[in-house]
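Asks: build me a model from this:
(chains A, B, C and D)
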2 protein chains.
Amino acid sequence: MIKTDVDLMVKFLRGFSDKTRIQILESIKDQEKTVSEIVEDLNGKQSNISQHLACLKGCGLIVGRQDGKFIKYSLRNQQVRDLLTMFHTVFEEVQTDIACCENHIE
Amino acid sequence: MIKTDVDLMVKFLRGFSDKTRIQILESIKDQEKTVSEIVEDLNGKQSNISQHLACLKGCGLIVGRQDGKFIKYSLRNQQVRDLLTMFHTVFEEVQTDIACCENHIE
DNA sequence: CACACATATTAGTGGTTGCTAATATGATGA
DNA sequence: TCATCATATTAGCAACCACTAATATGTGTG
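Replies: Alright, predicted model coming up:
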């Protein structure tokens, strides 16, 4: 770590560390969607999704724009999309080893 | 998400979602190190570091090899290194927006 | 084998975080 | 403006997870 603040970096990365958030990111990866659409996509609760969206927005991973009575969310930029793609790539190659992190750190 | 299991994916990504683990990854990014060296690097407790190492190993992000009485850890491969680099890149560009995730999801 | 050093594991605990339900805010259109 | 729909926020709770201290395993050396 050169100069960037580690704590902030971790907050950024924490955006990726939850199932619901990953699913949201995947859901809007290719097209922007309204909150309701995402809720339906994930079969989740509106308040829960809304909280995660706020988190992802705060982490700089997504952006929202008002569109009539809706708010449409999409990935912040191509880099975030690339990051998601790269996760898949590295993950594929590593998948078999992952049994880790049961409950506590382990 | 195409075919890969989301839960497993999240376990993989959770490897990146903790300050100590990020610091470990950065610490061994360019050269393999023994546990003691990492402990010293981070100014941490041996048992704690050891647990995080186990987690990172389980997540497929690092590998360890016995070397005499020591065990030396290093990043699993170039892809993981690339991922770390890419974090920095995207993070730099996004940094100002990150105030998120205070305590609860927010 | 016994001792010393390096690392791993376990148990217990406190703080963090994601969930739900209820309520509040905000925007649109009659 | 009032009613309605879309989204955000809050409070409370349960589960999770990282931390420390203590102990165990393992490896090399006398």
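
Asks: contacts, neighbours, all on C-alpha from now
Replies: Noted.

Asks: below-threshold pLDDT in chain A: ranges please.
Replies: Within chain A, the set of residues satisfying pLDDT under 70 comprises A:1-4, A:96-106.

Asks: can you give me the strands for chain A?
Replies: Ranges of strands in chain A, per DSSP state E, are A:33-34, A:62-67, A:70-75.

Asks: return the distance of the helix ranked longest in chain A from the chain's centre.
Replies: What stands out as the longest helix in chain A, according to DSSP state H, is helix A:78-94. Counting by C-alpha atoms, centre = their mean, to the nearest Å, helix A:78-94 is centred 12 Å from the centre of its parent chain.

Asks: and the angle from that helix to helix B:78-94?
Replies: Relative orientation of helix A:78-94 versus helix B:78-94 (axes from the mean of the first three to the mean of the last three C-alpha atoms, to 10 degrees): 160 degrees.

Asks: please name every helix or strand in contact with helix A:78-94.
Replies: helix B:78-94 (3 or more C-alpha pairs under 8 Å, 6 or more residues apart in numbering or on different chains; DSSP states H and E).

Asks: residues in contact with the helix it packs on: which ones?
Replies: Contacts with helix B:78-94, where a contact means C-alpha atoms under 8 Å, 6 or more residues apart in numbering or on different chains, come from A:4, A:9, A:12, A:60-61, A:79-80, A:83, A:86-87, A:90, B:29, B:61, B:75.

Asks: kindly report the same for stretch A:23-36.
Replies: Contact with stretch A:23-36 is made by A:38, A:41-42, A:46, A:49-50, A:70-75, A:81, B:1, B:6, as judged by C-alpha under 8 Å, 6+ apart.

Asks: counting neighbours, what do you get for A:N43?
Replies: 10 (other C-alpha atoms under 10 Å in any protein chain shown).

Asks: show me the contacts for A:G15.
Replies: For A:G15, the contact set (C-alpha under 8 Å, 6+ apart) comprises A:21, A:55-56, A:59, A:61.

Asks: try 10 Å
Replies: Counting by C-alpha atoms under 10 Å, 6 or more residues apart in numbering or on different chains, A:G15 touches A:21-22, A:25, A:52-53, A:55-61, B:13, B:17, B:100-101.

Asks: return the residues of chain A in contact with DNA strand C.
Replies: Residues of chain A that fall close to DNA strand C, judged by C-alpha under 7 Å from any atom of the strand: A:14, A:17-20, A:44-45, A:47-49, A:52, A:67-69, A:104, A:106.

Asks: let's see 10 Å
Replies: Residues of chain A lying near DNA strand C by C-alpha under 10 Å from any atom of the strand: A:10-11, A:14-21, A:43-52, A:55, A:66-71, A:103-106.

Asks: thinking again about what came up before, let's see which of the contacts of A:G15 end up in helices.
Replies: Per DSSP H, the contacts of A:G15 map to helices at A:21-22, A:25, A:52-53, A:55-58, B:13.

Asks: these also near DNA strand D: which ones?
Replies: Near DNA strand D, by the rule C-alpha under 10 Å from any atom of the strand, you find A:52-53, A:55, A:57 out of the ones in helices among the contacts of A:G15.

Asks: ChimeraX command for the buried members of the residues you listed?
Replies: Under the burial definition 16 or more other C-alpha atoms under 10 Å in any protein chain shown, those of those that qualify are selected in ChimeraX by:
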select /A:52,53,55,57
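
Asks: give me the subset of the ones next to DNA strand D among the ones in helices among the contacts of A:G15 touching chain B.
Replies: A:52-53, A:55, A:57 (C-alpha under 10 Å from any C-alpha of the partner chain).
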